[in-house]
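Q: here are the coordinates; sequence isn't available:
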């Protein structure tokens with residue numbers, strides 16, 4: 001009986017080591033790919049602006065992605081927050097709000113409804129985050145694009 005348990009533990013250790021080695025190799029490949037993408041972005045931006053500006057934009061974008069990843073990991077490790085709001089069922093997306101409802105609660109309710117609708121249509125959270133990152137980077141890097149989008153004559157109210 002002891003030999004069987006020892007074999008089982010040894011098999012688990014082997015599996016864990018193989019998984020760790022594979023994870024390390026994949027992480028190194030991903031880091032190398034991200035490095036090449038950052039270099040390509042820098043070289044592309046350096047052709048249309050000063051090299052120091054291109055470096056600031058690429059570095060800031062990488063720091064932003066790293067901070068978003070760290071925040072996501074922290075939220076996943078932290079688990080669900082405790083509180084009465086998580087125990088109550090949220091109202092439907094189209095339901096009228098209470099008179100004493102705070103703007104944060106309204107935004108959270110609308111965001112949850114939008115997330116559920118997008119989820120039903122097969123849109124992933126990562127797709128939305130990448131689109132927001134690209135849009136923010138483009139708007140931050142291109143004054144001409146900002147001017148075109150936000151000029152007074154082009155905005156319909």
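A: Structure's in. What do you need? This structure is a prediction, so every number in the text was calculated from the model and none was measured.

Q: can you find the helix or strand in this protein with the smallest mean pLDDT?
A: Within the chain, confidence by mean pLDDT, DSSP states H and E is lowest for helix 84-87 among all helices and strands, at a mean of 44.

Q: for the chain, longest helix please?
A: Ranked by residue count under DSSP state H, the longest helix found in the chain is helix 2-46.

Q: that helix - contacts with which helices or strands?
A: Counting contacts by 3 or more CB pairs under 8 Å, 6 or more residues apart in numbering; DSSP states H and E, helix 2-46 is packed against helix 51-78. The way it works is simple: take the backbone N, C-alpha and C, and place the C-beta from them, glycine included.

Q: output the contacting helices and strands for the helix it packs on.
A: With contacts defined as 3+ CB pairs under 8 Å, 6+ apart, helix 51-78 has these neighbours: helix 2-46, helix 125-141.

Q: mind putting the ones you listed in a markdown table, mean pLDDT, mean neighbour count and distance to residue 74 included?
A: Listed next are the helices and strands packed on helix 51-78 as a markdown table, based on pLDDT from 0 to 100; neighbours: other CB atoms under 10 Å; distance: least, CB to CB, whole Å:
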| stretch | mean pLDDT | mean neighbour count | distance to residue 74 |
| --- | --- | --- | --- |
| helix 2-46 | 88 | 11 | 19 |
| helix 125-141 | 75 | 13 | 16 |
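
Q: so which of the ones you listed gets nearest residue 69?
A: Ranking those by proximity to residue 69 (CB to CB) places helix 125-141 first, at 10.1 Å.
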